[in-house]
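In: generate a structure from the sequence data that follows.
(chains A, B, C, D and E)
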Amino acid sequence: MIENMVWGPEQEIYLNVPLGDLKTALAAEDRFVWVNIHDEPVESSREMLMDVFNFHPLAIEDALEETHVPRIDDWGAYLYLVLRIINPNQDFDEAFTTRELDVFISNNYIVTHQEKGNLGVEKIWQLVLRNPQHLGSTPIHLLYLIMDNGADDFILSAEKIDLILNDLEDQVFKRPEPEMLELISNMKQGLMGLRQVVAPQREVFNKMARGDYLMLEQASRVYFRDIYDHFHRLYELIDNLRDLTSNTLEIYLSVVNNKMSNVMKTLTIITTLFMPITFLTGFFGMNFFQPVMGATTWTGFTVFYVILGIMILLPVGMLIFIFAGVG
Amino acid sequence: MIENMVWGPEQEIYLNVPLGDLKTALAAEDRFVWVNIHDEPVESSREMLMDVFNFHPLAIEDALEETHVPRIDDWGAYLYLVLRIINPNQDFDEAFTTRELDVFISNNYIVTHQEKGNLGVEKIWQLVLRNPQHLGSTPIHLLYLIMDNGADDFILSAEKIDLILNDLEDQVFKRPEPEMLELISNMKQGLMGLRQVVAPQREVFNKMARGDYLMLEQASRVYFRDIYDHFHRLYELIDNLRDLTSNTLEIYLSVVNNKMSNVMKTLTIITTLFMPITFLTGFFGMNFFQPVMGATTWTGFTVFYVILGIMILLPVGMLIFIFAGVG
Amino acid sequence: MIENMVWGPEQEIYLNVPLGDLKTALAAEDRFVWVNIHDEPVESSREMLMDVFNFHPLAIEDALEETHVPRIDDWGAYLYLVLRIINPNQDFDEAFTTRELDVFISNNYIVTHQEKGNLGVEKIWQLVLRNPQHLGSTPIHLLYLIMDNGADDFILSAEKIDLILNDLEDQVFKRPEPEMLELISNMKQGLMGLRQVVAPQREVFNKMARGDYLMLEQASRVYFRDIYDHFHRLYELIDNLRDLTSNTLEIYLSVVNNKMSNVMKTLTIITTLFMPITFLTGFFGMNFFQPVMGATTWTGFTVFYVILGIMILLPVGMLIFIFAGVG
Amino acid sequence: MIENMVWGPEQEIYLNVPLGDLKTALAAEDRFVWVNIHDEPVESSREMLMDVFNFHPLAIEDALEETHVPRIDDWGAYLYLVLRIINPNQDFDEAFTTRELDVFISNNYIVTHQEKGNLGVEKIWQLVLRNPQHLGSTPIHLLYLIMDNGADDFILSAEKIDLILNDLEDQVFKRPEPEMLELISNMKQGLMGLRQVVAPQREVFNKMARGDYLMLEQASRVYFRDIYDHFHRLYELIDNLRDLTSNTLEIYLSVVNNKMSNVMKTLTIITTLFMPITFLTGFFGMNFFQPVMGATTWTGFTVFYVILGIMILLPVGMLIFIFAGVG
Amino acid sequence: MIENMVWGPEQEIYLNVPLGDLKTALAAEDRFVWVNIHDEPVESSREMLMDVFNFHPLAIEDALEETHVPRIDDWGAYLYLVLRIINPNQDFDEAFTTRELDVFISNNYIVTHQEKGNLGVEKIWQLVLRNPQHLGSTPIHLLYLIMDNGADDFILSAEKIDLILNDLEDQVFKRPEPEMLELISNMKQGLMGLRQVVAPQREVFNKMARGDYLMLEQASRVYFRDIYDHFHRLYELIDNLRDLTSNTLEIYLSVVNNKMSNVMKTLTIITTLFMPITFLTGFFGMNFFQPVMGATTWTGFTVFYVILGIMILLPVGMLIFIFAGVG
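Out: You can find the predicted model right below:
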């Protein structure tokens, strides 16, 4: 689907302008154009990008394929940005999945392109329709709106992951299960992937804030500095979360070994208490004390009560010794 | 609450000057102004910042919202600083919580703003009232006083945490408990958060000391260099503490396994001592030696005393062997 | 084997041109030459490189020996590149093996050299023969084609390894075996070796994209930037995979200890259940209760049923206590 | 205590010159002054530094308080250095304790200050008195002598720690004890603290060697480069030692688990040997074979010898199986 | 021992030229000198370096003492290099020991100095005597020959260590022994030491290749770039080996715990099989079933065979359950 929006200096908006008028608008100095392409076949997308906007073939190829790594290319008359956005409302399974958003931007147009879905762009499109004042003075302000919103989505996702991870850690303390290991491992991988997206994306906005591009007017730089700050905070948040997963893994091992240590202690106490007295019962169960041999002195009442006493006092004494001494 | 303080070159102080006079003072070259905003609704704060001081909307938004990451923005006529301060007297649960302090500063005014509480500022406000000499020649000296005090608060907090951690480590050596794991993990997270605040804050003062800002006179740079040194030391202290927590985690695991090893040794000794002689008692408890079969040679006195001897000497010998050989 | 290909501005191709014509073509301004050397004895290779192209002896030595580390040398009239390529279809045992590809390139010729095999070059040679348009305007475009394909091969290999590693991790969760440790260790080593190849190779293309070499025309730089991006992504992929192997090792240990903990629990439960009641049976198996001594009150029916009750209720009670209390 | 030393171009030394003459000497171009302050009350130290030398108040405050982090400040006419030195002969408990040495240096005077003790300075003071040739052409040479000696002291300390650590590691292999864990942990902390001192100290001499300070003549730079090399080597030594402690911790855990594994093997062998034959004795101890039931075929001599054979051969066979198969 | 070699533009060599002629040769523009000092007392070495060559005293001190850290000093007319070389044929105990080689080099002389032995230099000395063409145009080519050979020796050593480490890892998988821990620990320390030598040595050749020294002609730079590449590869090899040792340590722990886990499983199976049936034998060994009480129903043939059945079927059933269920 290819949508377009044309507006003038009074911020009056024309929607879905026909192709011819679009070209006229692009040529006019006081007309601004936003073309949004999503869920569109590659062929018709290429046509639009090539015939109407005349972008460099390499940039178009990058836009129509998955490029993975966010970056910014300066093509003189326009900038080409590969960005990635996230859906903060997706399930845990997808919590780390990001989608590519390609942007071509100049002082009088912005082209946004997504292969599938309209994530992050839809919201700003509607916002602008409801309140044209958000259009700002140039299309560059739209890029700020989209990515300010995009950064917020990333931070929301990271905070959701933070909550899940805190929850997981609590469970590890209470009752470590092997499934948690798998979950921790998956989270770590997901966070590593996320960081690989956020690091170059942060760099893109750093370059824009630093004024590497002549095309960007001085005034817009503070806005991109703002987005840079968001992504910087996000990057550190992700790093924190990664450290947290490593930590949780170590704690898991410690908790398991701790439990095992307690179990071993129980086993040892039980064994220590019963082995000696069981030996004693065995001793007096031998056939030496039977009628045949007649060692009756070993089987009299006195001996019996002495043995009985030992069998009660020995374990009690041991228990006292263990809990007082070994702890 | 919005308080203000106006003073002249003779360091005579006027408190809570009405709004009109405040504007006059701001316009005068030999009048200095300190406005302190805290626990104030967002609307009236915005009014003050916008109408009286005419700050940039983006800076005002940053000041009125939580920004998290300390930074410094040069707006030409004034600097906007996002700083974070800590309360060194709070409980352990809050030991890592920092609060945002926004500062607008120029050569003739300083505006301090906190959303809640008056932490770190109150003390300097009172100090200046008691002894106006601390006002220095420009409001920039007040910023130095506030953040010199702020750095001390951070270092006090870190040293408190250091004590707790040392204590914790001692306990781990003596008696490792799973709750300690949780405590260690919380400390590590807290320290990671603290570091994320201190690193950019240090950078802010580094920039000020380096002379990145034309507005700051040469003479004031040594003061900010001083604060930079404090935060640098703090940063390294925090790094040390983080390493210490990781260390404690590893030691925890080692201590637990060590204890388990000792418990296992006890278990093995007990089992090794009693299993063979219990077998012997079982052997002579079998029915072969009963009247029916009449294997009386096995149950005579001689055999009995031999067996008795074995039952005493075998465990004793084993014990000697174990403690001499295995250790 | 030494193959050559000469083409003109109309992209008409002459294959295996005799040596004399080759030299003429090299001297002509509108003729381009591709010489591909592979599986050729060192002597005849050296002859070609020295006599026809007059390369610097040090560069020739590097080309004819294994150099291991990718790099680029600027010899003024030409660039010498040591590159490494991978065969994505090889077995797991060889999954990390890379081969050296030496390239001499100038504005009107390209020389490719491999000690053994024609990996990565064959494909482009055939492609160009089928469709001469791929030759582009200068031989530099051929280098782009070869290494774009080379980068894809690397990424394919890395993704294959990723799959194997994910599989391995799943197996570790299910059933940790010592052989997996060996496999993990081998993978880690392989990935470390791969990273040592990819890092300098990425740097080679970074230099070409950055415009360090006067010989490369401005227009070609975007192509090498493209390859740089590929290798950059690859580098991060490899780093991720390395982290993943470390992770798997830690998880292995945790899973093993977890299993051991469960086994210990079973052992302790069994021992705790049977030791006390076995003691009881021993107690009533002693000879005190035999006709000789006649302690008949201990061996009456009442006592028997009480004991029987204890023997049934004690383990049951213990089991309930264990599963409710210890968990 | 405040000592001073004045010398002229002929290296004739005047000790403890009165204050008036000291000021004259400072003003003269061909007189050099060394003032050494130690174990002196803060007030009189401040008087000397302020009244005689006229140092900047901030530098004086830094000198009179503990500053912790070594650094160098360029005050134009003089340099102020915060350095730290170590006593290589102190006990292990104090092995990581460093002391602050403040130095003010210009082309014709040097002021050294220590709060407590005269560590590192005393030796050079005496050396110079014995052999005035060591004074060199300017006081800067004295700084070289003091810190060359200071670097040697650090390296001696580090080598002492290295010996202790090697010893400790040997003990861990032989007989791991929990106290060693505490020792390792303390060493790691101490080394971390030491590194925090050495890193900025190295940086101080790097700056001096690099020629950042106009005051230092070209010729003296090779000397500071020499000291820089010492501290660089020291820094790497400390890093090595830290790695070594981490290593020792891991080895500790491995050794403990190794021992535990051996203990478990013993336990399992004992249990495996005796459990089956103890069961057998129990079997033939049951009352079924008593006169009442009269199952005499079970209690004949044949059965007895068969059982006896099993009881001897079964454990022997098992032992052979265990030691041949499991190892 | 002090040897010297003088040669002219025709590469005619004069050996052991007397001191006077040596000085003449040094003064002549078309004479080149190589002085090699080894196993020589400090005094006579100093004499040579000071009187004949007039080197800076600090450089001479560095040459005559052990300096440990490779570096390069530019003394204007000559360069002073501290290098380290290794003997690839030494025993494992010494595999990480490097020796210092001091080199003074200018455009018409080279001085090599070793405290003990003639390692690495002897070979080149002989090579040059046999074939004077290797002398090249200036003594700088000799430095290239010596260190090209030196780099090869380092790589040979590293590859030997690699083999040993691979062997060790195999043994860890098969049969982990505590002695291996000690070996791993020693290797790690050795590699750490080696890296500390190689890193600055690589830097030395990087500086020479980069053209930091005016004295080195442009043409020689490609040679030092070559050596730099060797040391760079070596550095990465060492890093790999270090990672490998850490890895082996982790694997050791995993293998040990794995073995322990198997042992525990055996123990638990044995205990689980025999405890219940041993209890049963105890039950029927109690005196309740004796003539005195006459509970003959409990000791009839029916009960006996039922019990016998249980004693056989219970362990068999348990074994089936264990191997099917727990695995």
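In: how many other residues sit next to residue A:249?
Out: Using other C-beta atoms under 10 Å in any protein chain shown, residue A:249 has 21 other residues around it. C-betas here are computed from N, CA, C, even on glycine.
In: hmm, it is touching residue A:180, no?
Out: No. If you go by C-beta atoms under 8 Å, residue A:249 and residue A:180 don't touch, sitting 9.5 Å apart.
In: which strand or helix spans the residue of the stretch 151-300 of chain A found nearest chain D?
Out: Residue of the stretch 151-300 of chain A nearest chain D, by C-beta to the nearest C-beta: residue A:285 (7.2 Å). Per DSSP states H and E, residue A:285 falls between elements, in no helix or strand.
In: please enumerate the helices of the stretch 101-250 of chain A.
Out: Here the stretch 101-250 of chain A has its helices, by DSSP state H, counting those that start in this stretch, at A:121-130, A:140-174, A:178-210, A:221-283.
In: let me know which of those is the nearest to residue A:103.
Out: helix A:140-174 (6.3 Å; C-beta to C-beta).
In: which strands or helices does the closest one pack on?
Out: For helix A:140-174, the elements it packs on are strand A:79-86, strand A:98-105, strand A:109-114, helix A:121-130, helix A:178-210, helix A:221-283, helix B:178-210, judged by 3 or more C-beta pairs under 8 Å, 6 or more residues apart in numbering or on different chains; DSSP states H and E.
In: from chain D, how far off is the nearest residue to residue A:30 once chain neighbours are set aside?
Out: The shortest distance from residue A:30 to any non-neighbouring residue, by C-beta to C-beta, 6 or more residues apart in numbering or on different chains, is to residue A:9 (5.2 Å). The gap separating residue A:9 from chain D is 55 Å, by C-beta to the nearest C-beta, to the nearest Å.
In: likewise residue A:113?
Out: Distance from residue A:113 to chain D, by C-beta to the nearest C-beta: 49 Å.
In: doesn't residue A:42 make contact with that residue?
Out: No. Taking contacts as C-beta under 8 Å, residue A:113 lies outside contact range of residue A:42: 10.7 Å.
In: would you turn the helices and strands packed on helix A:140-174 into JSON lines with distance to residue E:93 and mean pLDDT?
Out: Shown next, in JSON lines, are the helices and strands packed on helix A:140-174 (distance: least, C-beta to C-beta, whole Å; pLDDT from 0 to 100):
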{"stretch": "strand A:79-86", "distance to residue E:93": "55", "mean pLDDT": "93"}
{"stretch": "strand A:98-105", "distance to residue E:93": "54", "mean pLDDT": "93"}
{"stretch": "strand A:109-114", "distance to residue E:93": "64", "mean pLDDT": "94"}
{"stretch": "helix A:121-130", "distance to residue E:93": "68", "mean pLDDT": "92"}
{"stretch": "helix A:178-210", "distance to residue E:93": "41", "mean pLDDT": "88"}
{"stretch": "helix A:221-283", "distance to residue E:93": "36", "mean pLDDT": "87"}
{"stretch": "helix B:178-210", "distance to residue E:93": "41", "mean pLDDT": "88"}
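In: would CSV of those with distance to residue C:133 be doable?
Out: Shown next, in CSV, are these (distance: least, C-beta to C-beta, whole Å):
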stretch, distance to residue C:133
strand A:79-86, 25
strand A:98-105, 27
strand A:109-114, 28
helix A:121-130, 37
helix A:178-210, 33
helix A:221-283, 41
helix B:178-210, 53
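In: wait, which of the ones you listed is closest to chain C?
Out: helix A:221-283 (3.1 Å).
In: quick one, the closest one and helix C:221-283 angle?
Out: 20 degrees (axes from the mean of the first three to the mean of the last three C-alpha atoms, to 10 degrees).
In: run the contact check for helix A:221-283 versus chain E.
Out: No. Legend: contact between helix A:221-283 and chain E by C-beta under 8 Å from any C-beta of the partner chain is lacking; minimum distance shown is 8.9 Å.
In: residue A:252 and residue A:192, how far apart?
Out: 19 Å (C-beta to C-beta, to the nearest Å).
In: please identify which of the two sits among more neighbours.
Out: residue A:252 (26 against 19).
In: right, and that one touches residue A:181 too?
Out: Yes. The criterion here is C-beta under 8 Å, and residue A:252 meets it with residue A:181 at 6.5 Å.
In: the residue nearest to residue A:30: how many residues sit nearby?
Out: 10.
In: do residue A:30 as well
Out: Neighbours of residue A:30 (other C-beta under 10 Å): 10.
In: tell me the SS of it?
Out: coil (DSSP: H, G, I helix; E, B strand; the rest coil).
In: now it: phi and psi?
Out: phi -110, psi 20 (degrees, to the nearest 10).
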